[in-house]
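Asker: Sequence below, structure please.
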Amino acid sequence: MAIATQPHFSFRAIALVFLLFPLAAFADEGTATFYTPPYVPSACNGYNDDGVMIAAASDAIWDNGGACGTRYSVTCLSGTNLGEPHPCNGNSVVVTIVDYCPPPGCRGTLDLSQEAFSSIANPDAGKINIHFESL
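Answerer: Numbering: from 1, shown residues only. Here you go, the predicted structure:
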């Protein structure tokens, strides 16, 4: 007569792993503005050239520098001013956090490079509503 045995890993153990080490990416909505060159020095990488698809993080995601190097997919949702033409072009852009956007000057969740902003929206908008998701 065969005796049934329990598997070595229980459902509880697997669930605990997912609770301690979540695999889901961070996604949220916020606003974006843009800044213009020069992009160095940056708070994360000093005088290293990080390219142009970059962003500065506001206090909402800066995490005392923990955001450095985080890549986000950013999509324009709408303009922030009522009555203005829709500035979004339907594209998304992937940016890397290389800098800090401190208050009170920081007016958005993300301060995108001018090149990153213009790849998803008309820069004349100045500030847009965005969806952003860490990769």
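Asker: Going by C-alpha atoms from here, please, whenever you check contacts or count neighbours.
Answerer: Noted.
Asker: pLDDT weak spots in this structure?
Answerer: 1-26 (pLDDT under 70).
Asker: one more time with 90
Answerer: Scanning the chain for pLDDT under 90 picks out 1-27, 81-85, 103-105.
Asker: Show me where it has its helices.
Answerer: Ranges of helices within the chain are 11-20, 59-62, 114-118, based on DSSP state H.
Asker: tell me, what residue is most central in this protein?
Answerer: In the chain, the residue lying closest to the centroid (C-alpha atoms, centre = their mean) is residue 72, at 3.6 Å.
Asker: ok, for it, nearest residue in space, not its chain neighbours?
Answerer: Using C-alpha to C-alpha, 6 or more residues apart in numbering and skipping the chain neighbours, the partner closest in space to residue 72 is residue 134 (4.3 Å).
Asker: Based on its surroundings, how many neighbours for that neighbour?
Answerer: Neighbour count for residue 134, taken as other C-alpha atoms under 10 Å: 16.
Asker: coming back round to it: identify the residues contacting the residue nearest to the centre of the chain.
Answerer: 94, 95, 96, 97, 132, 133, 134, 135 (C-alpha atoms under 8 Å, 6 or more residues apart in numbering).
Asker: same deal with residue 128?
Answerer: Taking C-alpha under 8 Å, 6+ apart, one finds 31, 32, 33, 76, 77, 78, 79, 80, 87, 121 in contact with residue 128.
Asker: before we move on, what about residue 52?
Answerer: Taking C-alpha under 8 Å, 6+ apart as the test, what residue 52 contacts is 39, 113, 115, 116.
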